[in-house]
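A.B. asks: Need coordinates for the following:
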Amino acid sequence: MDIEHISEWARLKGINLVGTGDFTHPGWLDELKNKLENVEYGMFSFGNVYCMLTAEVNNIYFKSGRVRKIHNIIFAPDFKSAGEINKALAPYGNLFSDGRPILSIECDNMVKRLSAINPDIFIVPAHVWTPHFSLFGANSGFDSIEECFEDETDKIYALETGLSSDPATNWRWSALDRFCLISNSDAHSPPKLGREANVFREKFGYKELIDILKTKDKNKFLYTIEFYPEEGKYHWDGHRKCGARLSPKEAKDLNYRCPKCGGKITVGVMHRVEKLSDREEGFVLENAPTYKNMIPLIEIIAGALGMGVESAAVQREYNSILNKMGTEFKVLFELPEEKIKSECPSRIAQGIINARNRDIEVIPGYDGVYGTVKVFKEKEEKKEKQLELF
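C.D. replies: A predicted model of the protein is given here:
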């Protein structure tokens, strides 16, 4: 995850603007200073890829009788502000210890302090529904944004959906209507870039991005690209040790106990949504950017070939398709089906088309176990095997 490989994979995916991540780490901040070119206020570049200075921090503190653990994303407009942010946060944790430092500072206090450095610094609560380390998390979060950010709530105008939820999940709770919903890849390796992303009509500057997020301008912010939320590793409730995957209703009926060992289960995203939301499933919020679900191309190829995503054959096919057809997002979303069918091996082409049409099967994730997305349904698998026999 150095800037060279981040830039390389951003180009392969079709990403024009990427967050640097981890500017709170002094070593990484120095590397960014040495390698990024300042294009305009708040925007930098490496090669043909634009970058913004971003970091994620882990706020852990005691409030209202409970330990709270909240992840937040920080956006900074320039290196001077990033340096001042690091100075302000250093007394609350060891910035050298991790790219996502643990800070013993309340979320509202942090927002207040950082906003005083530069009003263009903005903070977005990360993956807001996951059970651990999130704003609404079942284990250590809050039941409202106001409870967490108090007098600084008006400075929060965007929320990150996270891998285990999507805009439709968040639209079910009217208390979130004023917030712009963004989706980021949460990448810990370059190939994971773009597993979630935000799609805008045209290029913009740093301050214009703030305006777009504040106004939820759907003419400029078109849609988010979303992991299938069921594939997220905390979508349903469950107990990983025993392999127990439970729907919210099943968990409630079992009094939140594992059906195999009787131990406490991890309450997932959908359970919290059911508890806090005030709208039925399927509600669509008007005048909000929409979204598209995505299965990464490498996973579609792996499913088509019946091999792991790390296998040499899958990697070769991935590179071959991009060499012929352009970026991954172009292949997954933009090219007509006829082009896909003519340029890709038939089974891979069918997988791409299945994913576009949501003609898939999904087994929900739970308690840290990723869900499973089947691009090829069981009947298609059987048909394929029959053809192979003939």
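A.B. asks: where do the strands sit along the stretch 101-250 of the chain?
C.D. replies: Counting by DSSP state E, counting those that start in this stretch, the stretch 101-250 of the chain has these strands, from start to end: 102-103, 122-125, 158-160, 180-182, 197-200, 221-227, 237-239, 244-246.
A.B. asks: Out of those strands, the one nearest Phe46 is which?
C.D. replies: strand 197-200 (18.0 Å; C-beta to C-beta). Backbone N, C-alpha and C define where each C-beta goes, glycine included.
A.B. asks: Which other helices and strands does that closest one contact?
C.D. replies: strand 221-227 (3 or more C-beta pairs under 8 Å, 6 or more residues apart in numbering; DSSP states H and E).
A.B. asks: Let me see the mean pLDDT of the strand it packs on.
C.D. replies: Strand 221-227 shows a mean pLDDT of 95.
A.B. asks: For that strand, which strands pair with it and how are they oriented?
C.D. replies: strand 197-200 (antiparallel), strand 290-294 (parallel) (DSSP bridges).
A.B. asks: Can you give the contact residues for that strand?
C.D. replies: Contacting residues not belonging to strand 221-227 are listed as 161, 163, 166-167, 180-183, 194-201, 212-213, 289-294, 329, 333 [C-beta atoms under 8 Å, 6 or more residues apart in numbering].
A.B. asks: any idea how far the lengthiest strand in the chain is from the chain center?
C.D. replies: If you go by DSSP state E, the chain has its longest strand at strand 49-63. With C-alpha atoms, centre = their mean, to the nearest Å as the basis, strand 49-63 stands 13 Å off its chain's centre.
A.B. asks: Direction included, what does that strand pair up with?
C.D. replies: Assessed with DSSP bridges, strand 49-63 is paired to strand 17-19 (parallel), strand 43-46 (antiparallel), strand 66-76 (antiparallel), strand 102-103 (parallel).
A.B. asks: and the strands paired with strand 221-227 as CSV, adding mean pLDDT, mean neighbour count and distance to Val373?
C.D. replies: What follows is the strands paired with strand 221-227, written out as CSV (pLDDT from 0 to 100; neighbours: other C-beta atoms under 10 Å; distance: least, C-beta to C-beta, whole Å):
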stretch, mean pLDDT, mean neighbour count, distance to Val373
strand 197-200, 97, 20, 18
strand 290-294, 94, 18, 10
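A.B. asks: Out of those strands, which gets nearest to Trp129?
C.D. replies: Nearest to Trp129, of all those, is strand 290-294, at 15.1 Å by C-beta to C-beta.
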